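Visitor: Next come a sequence and a model predicted from it.
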Amino acid sequence: MAQRRRKVARNGLEAIQDELATLGDDVASLGNTLGEVASDEARATIRSIRERLDRIAGDAQSATRAGVGAIEDRIEANPFASIAVALGVGVILATIMRR
């Protein structure tokens, strides 16, 4: 009878150890899955940010080109006034830099 109890106790202990090992494996798997999901979400967020930055850069580039084009048109339309403005800005900058 005592041997039978020991066998039952061993079987119960082995079953508990097996369950703990299985539980440990499940927790490790869950951790890996959560890490992958978090990584996927982080990648998606980074991709979204890059797309927005690319759009903003494209818009800024378009605005810059339009601004440069407008300035070139104005210079071509009024070359003498443009030279006078450039000369005035140069004099002001030279005066500021001397101080």
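Guide: Good, I have the coordinates.
Visitor: Tell me how far the helix or strand V89 falls within lies from the chain's centre.
Guide: According to DSSP states H and E, V89 maps onto helix 79-98. Remark: helix 79-98 is offset 43 Å from the chain centroid, using C-alpha atoms, centre = their mean, to the nearest Å.
Visitor: what does it contact?
Guide: With contacts defined as C-beta atoms under 8 Å, 6 or more residues apart in numbering, helix 79-98 is touched by 74-75. All C-beta spots, glycine's among them, are computed from the backbone N, C-alpha and C.
Visitor: Could you list the low-pLDDT ranges of the chain?
Guide: 1-13, 38 (pLDDT under 70).
Visitor: Would you point out which residue is most central in it?
Guide: The centre of the chain sits closest to I46, judged by C-alpha atoms, centre = their mean, with a distance of 3.5 Å.
Visitor: and that residue, what element?
Guide: helix 2-77.
Visitor: angle of that helix against helix 79-98?
Guide: 120 degrees (axes from the mean of the first three to the mean of the last three C-alpha atoms, to 10 degrees).
Visitor: Distance from the chain centre to helix 2-77, please.
Guide: Distance, centroid of helix 2-77 to centroid of chain: 12 Å (C-alpha atoms, centre = their mean).
Visitor: Off-centre distance for stretch 88-99?
Guide: Distance, stretch centre to chain centre, for stretch 88-99: 43 Å (C-alpha atoms, centre = their mean).
Visitor: ok, the residue nearest to the centre of the chain - contacts?
Guide: Contacts of I46 (C-beta under 8 Å, 6+ apart): none.
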